[in-house]
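1. following is a predicted model, sequence given first.
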Amino acid sequence: MEALTQKQKIVAIIAIAVVVCVIGYYYINSTKDVYSTGYDALNNEENVEVETKDKENTIVEPKTILVHIAGEVKSQGMVEVKEGARINDVIEEAGGTTEKADLSKVNLAYRVEDGQKIYIPSKSQAKENVEITTNSAGENVIEGTTSEKSSGRVNINTANAESLETLPGIGESTALKIITYRETNGKFKTIEELKNVPGVGSAKYEAIKDYIYV
């Protein structure tokens, strides 16, 4: 009977040991999962932080545009400048102006656009009354000589409200509509496009078509 009791004790001890081992095994595995999950979460947070910093440190380079500059600059021709550049920047890219240049009628602060042509006049041209537009439209090209100006012709792509009001039948309200139209839709490609402006019908266009150009 005592031997049987002894065997029972041994079996009980073995059974307890097995239970303890099984519990310990599952406990260790569950602990690993917790640590692994925590590590992965921390690692993900670090990766997100690094990616965010990389995005913050990424500088978006402005696009480049091509502008044609002519007249009294040291290097005439095509110039590549960054989008948003001013006429002054274009002049610098062209090597600066010559000694003959007259910048008194040129708006150096005007923001240039891709495909635009800029003309830097000479002092002699200024004496000849060559007009360089420096109005709100910002165009800096030769608009015309005095004789053309006296004929009443107006460039509808560059004229300010005051100049537009010199046209037959064009008042302050219509002049502002013309300026608003070209600022919204871009430059007029033909003078006929002026009929698309509210307030400028076929009759009014016929009255002014001989006095305008693009």
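-> Cool, the structure landed. Just so it is clear, the structure is predicted and the values come from calculations on it, not from any experiment.
2. ramachandran angles for the nearest residue to residue 101 once chain neighbours are set aside?
-> The shortest distance from residue 101 to any non-neighbouring residue, by Cβ to Cβ, 6 or more residues apart in numbering, is to residue 72 (3.6 Å). Backbone N, C-alpha and C define where each C-beta goes, glycine included. Comment: the main-chain dihedrals of residue 72 come out as phi -90, psi 60, following degrees, to the nearest 10.
3. and the pLDDT at residue 72?
-> Here, the pLDDT recorded for residue 72 equals 89.
4. can you get me a residue count around it?
-> The local packing of residue 72 (other Cβ atoms under 10 Å) involves 21 other residues.
5. now swap in residue 112 and tell me
-> Residue 112: 23 surrounding residues under other Cβ under 10 Å.
6. gap between the nearest residue to it once chain neighbours are set aside and residue 91?
-> The shortest distance from residue 112 to any residue other than its chain neighbours is 5.2 Å, reached at residue 67 (Cβ to Cβ, 6+ apart). Applying Cβ to Cβ, to the nearest Å, one obtains 10 Å for the distance of residue 67 from residue 91.
7. check residue 203 too.
-> Per Cβ to Cβ, residue 203 is found 44 Å from residue 91.
8. for these two, work out which one has more neighbours and name it.
-> Neighbour comparison, residue 203 and residue 91: the larger count goes to residue 91, with 23 against 8 (by other Cβ under 10 Å).
9. what about residue 5, is that helix, strand or coil?
-> Using DSSP: H, G, I helix; E, B strand; the rest coil, the structure places residue 5 in helix.
10. pLDDT at it, what is it?
-> Here the pLDDT value assigned to residue 5 is 70.
11. same deal with the one 5 residues further on?
-> Residue 10 carries a pLDDT value of 73.
12. can you give the domain ranges for this structure?
-> For the chain, automatic domain parsing gives the domain ranges 1-59, 61-144, 152-214.
13. where among those domains is average confidence lowest?
-> Confidence, taken as mean pLDDT, is least for domain 1-59 of those (a mean of 63).
14. correct me, but residue 102 touches residue 122?
-> Yes: taking Cβ atoms under 8 Å as the definition, residue 102 is a contact partner of residue 122 at 6.1 Å.
15. what touches both of these two?
-> In the contact map built from Cβ atoms under 8 Å, 6 or more residues apart in numbering, the residues linked to both residue 102 and residue 122 are residue 72.
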